[in-house]
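no FASTA, just this:
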């Protein structure tokens, strides 16, 4: 039997990160077709107080790798936030998928009861069980940033639909 923490997280991350890869490809193609600089899309945001598209993708990837690592009981890989192009973002998503694919279901056994400590040693420290972390914090955060990436591009004229968002499942 596969760990519920694995089956509730890893396949979801694979599907949605794959979706982001396709969405970004379509955005880059749209920019080229309309003769719009890539940076117009990469720096776009829904509102001035929200992160731009680059940061949304970085955070989505960070949640996917961070959640997976913590639930599997392994170190969270550190990525530098240096992405500046569509190609850079694609590389980050590929690296994240490679990491997630390196984990196996057995590593997630007992993950629902594993203590997850967010922001350790700070006034904002929060301790959660793996189950609460995944379902009440991690997945909602992940989906927020994936959805915001989709919304930014859709808002800026990239022809995307629900099938693009959902990806291959």
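Perfect, I can see it now. Worth saying up front: this structure is predicted, and the values here are computed from it rather than measured.

host element of the residue sitting nearest the centre point of the chain?
Ranked by distance to the mean C-alpha position of the chain (C-alpha atoms, centre = their mean), the top residue is residue 60 at 2.3 Å. Assigned by DSSP states H and E, residue 60 falls within helix 53-72.

now the helix or strand harbouring residue 145: buried residues?
Assigned by DSSP H and E, residue 145 belongs to helix 139-155. Within helix 139-155, the residues that count as buried by 16 or more other C-beta atoms under 10 Å are 139, 141-142, 145-146, 148-154. Placement of C-beta: from N, CA and C, glycine included.

in terms of secondary structure, what does that helix contact?
The helices and strands touching helix 139-155, judged by 3 or more C-beta pairs under 8 Å, 6 or more residues apart in numbering; DSSP states H and E, are helix 10-34, helix 53-72, helix 162-166.

quick one: buried residues of stretch 78-95?
83, 86, 89-90, 92-93.

how about the residue lying farthest from the centre of the chain, phi and psi?
Among the C-alpha atoms of the chain, the one most distant from their mean position (C-alpha atoms, centre = their mean) is that of residue 35, at 28.1 Å. When read as degrees, to the nearest 10, the backbone of residue 35 gives phi 60, psi 50.

that one and residue 88, how far apart?
21 Å (C-beta to C-beta, to the nearest Å).

related to what we said a few turns ago, distance to residue 21 and pLDDT added to the buried residues of helix 139-155, as CSV?
Formatted as CSV, those follow (distance: C-beta to C-beta, whole Å; pLDDT from 0 to 100):
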residue, distance to residue 21, pLDDT
139, 19, 97
141, 20, 97
142, 15, 98
145, 15, 98
146, 11, 98
148, 16, 98
149, 11, 98
150, 12, 98
151, 17, 97
152, 16, 98
153, 13, 98
154, 16, 97
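
okay but residue 72 is in contact with residue 108, surely?
Yes - counting by C-beta atoms under 8 Å, residue 72 does reach residue 108; the two are 5.4 Å apart.

which ones are touching residue 38?
Applying C-beta atoms under 8 Å, 6 or more residues apart in numbering, one finds that residue 38 lies in contact with 28, 31, 85-86.

now the two most distant members of those.
With distances taken as C-beta to C-beta, the most widely separated pair in these is 31 and 85, at 11.2 Å.

picking up where we left off before, which SSE is immediately downstream of the helix holding residue 60?
Per DSSP H and E, the first helix or strand lying C-terminal to helix 53-72 is helix 86-102.
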